[in-house]
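**Q** model the structure of this input:
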Amino acid sequence: MSTPSATSKPSDRLRLIAAFAAVWFLWGSSFVATKIMVGELPPILSVSFRCASAGFILLVIGSWQGHTWPKDWLQWRHVVVMAVLAIVQSTTLNVLAAKHVASNELALLNASAAFWIVLFGAFGLHGTRLGKRAWGSIALGFGGVAMLLLPRGDEHESPMLWMLVVLLACVSWALATAYFRNTRPRTNPLMFNALQLGCGGLVLLPIGLLAGESPHFHWTATGVASLGFLTICSSCIGYSAFTYLMTRVSPAQLSTYAYVNPLVATLMGWWLLNEALAPAQWIGGIVILASVAVINLPAHSTKSRNPA
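**A** Okay, here's the model as predicted:
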């Protein structure tokens, strides 16, 4: 498994840097864009349109580049599993919660995905054993999550139920990451991502219609702009970058997005939405980010089960 420092070709190092930058900054901005979008458009149909459109765009690009569709059931099963875990469950739950949770809190809670990614990354064929420091960091990080969940007692307090929904979305995302890393689908990553997004978007369409969202779907300039940003930047570019990184860096390196995204989201939420965090939330967020940073420090006790 390659790392940025171990990659021999300069072109490979540049691809890794570009992929990390896309995941860090485009996904960091997506929390504010999502908060704006759900204020204008119904959430489930918005995710359906966003993912189906992004999947179609990537499918056209992949076909133009000569990539083929999966040729056996096993590869299609990988696509379906990833679509359910990463799109139908994780992305949709996050978007539903965005109507009730501030974008900066949404981003900080999503940082907990780093702990689940590292935890689930310890299992499977390509698992990475965890040392005492990693376990301690995971425990510390969940302490930070608990502080974020503490009641603030003000009119802008996010409902506990929806904050727990965000945590459930993080678990689903980490399961998708672990599944992809261990199965290593043979389908070209670009084509795989296109089909994953497309399948997830198509599954969500009847769900959104049955939920009665269609009468509330009214196009507005703000809604179109936020949906367009999420479709191109978050889904097309961000998902493709994350898929690229999943099989090229360690779980610890992959989870670095979890402490860059909240910083970007907090700054943008303050700038665009006038959002602020209570002192307990600031402390909890700092604890989460510090624990994720500690997880990513090199440790001799962490050994791969498959060093090759």
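
**Q** what is the burial count for the residue nearest to K99 when sequence neighbours are not counted?
**A** When the adjacent residues along the chain are set aside, K99 lies closest to V38, with 4.7 Å between them (C-beta to C-beta, 6 or more residues apart in numbering). In short, each C-beta sits where N, CA and C put it, glycine included. If you count neighbours by other C-beta atoms under 10 Å, V38 ends up with 20.

**Q** please apply the same query to L74.
**A** What L74 shows, counting by other C-beta under 10 Å, is a neighbour count of 11.

**Q** average model confidence for the strand or helix carrying it?
**A** For L74, the element it lies in under DSSP states H and E is helix 73-82. Helix 73-82 shows a mean pLDDT of 95.

**Q** buried residues in that helix, which are they?
**A** 75-76, 78-82 (16 or more other C-beta atoms under 10 Å).

**Q** packing partners of that helix?
**A** Counting contacts by 3 or more C-beta pairs under 8 Å, 6 or more residues apart in numbering; DSSP states H and E, helix 73-82 is packed against helix 160-183, helix 189-210.

**Q** worst mean pLDDT among the ones you listed?
**A** helix 160-183 (a mean of 91).

**Q** CA atoms only: put that helix into CSV for me.
**A** What follows is helix 160-183, C-alpha atoms only, in CSV (Å, rounded to 0.1, in the frame of the first residue of the first chain):
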residue,chain,number,x,y,z
MET,A,160,-29.9,15.2,20.2
LEU,A,161,-31.8,12.7,18.0
TRP,A,162,-30.5,14.3,14.8
MET,A,163,-26.9,14.4,16.2
LEU,A,164,-27.2,10.7,16.8
VAL,A,165,-28.4,10.3,13.2
VAL,A,166,-25.1,11.9,12.1
LEU,A,167,-23.1,9.5,14.1
LEU,A,168,-25.0,6.6,12.5
ALA,A,169,-24.2,8.1,9.1
CYS,A,170,-20.5,8.1,10.1
VAL,A,171,-20.6,4.4,11.1
SER,A,172,-22.2,3.6,7.7
TRP,A,173,-19.5,5.6,5.9
ALA,A,174,-16.7,3.8,7.8
LEU,A,175,-18.2,0.4,7.0
ALA,A,176,-18.3,1.4,3.3
THR,A,177,-14.6,2.4,3.5
ALA,A,178,-13.6,-0.9,5.2
TYR,A,179,-15.6,-2.9,2.7
PHE,A,180,-14.0,-1.3,-0.2
ARG,A,181,-10.5,-1.6,1.2
ASN,A,182,-10.9,-5.3,1.9
THR,A,183,-12.7,-6.3,-1.3
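
**Q** report all helices and strands that that helix contacts.
**A** Counting by 3+ C-beta pairs under 8 Å, 6+ apart, helix 160-183 packs on helix 73-82, helix 92-98, helix 103-110, helix 113-120, helix 240-246, helix 251-254.

**Q** next, the buried residues of the helix or strand just after the fourth one.
**A** The one in question is helix 113-120. Moving toward the C-terminus from helix 113-120, the next helix or strand (DSSP H and E) is helix 132-148. Using 16+ other C-beta under 10 Å as the test for burial, helix 132-148 gives 134, 137-138, 140-142, 144-145, 147-148.

**Q** out of those residues, who's nearest L254?
**A** Using C-beta to C-beta, A134 comes nearest to L254 of the buried residues of helix 132-148, at 14.1 Å.
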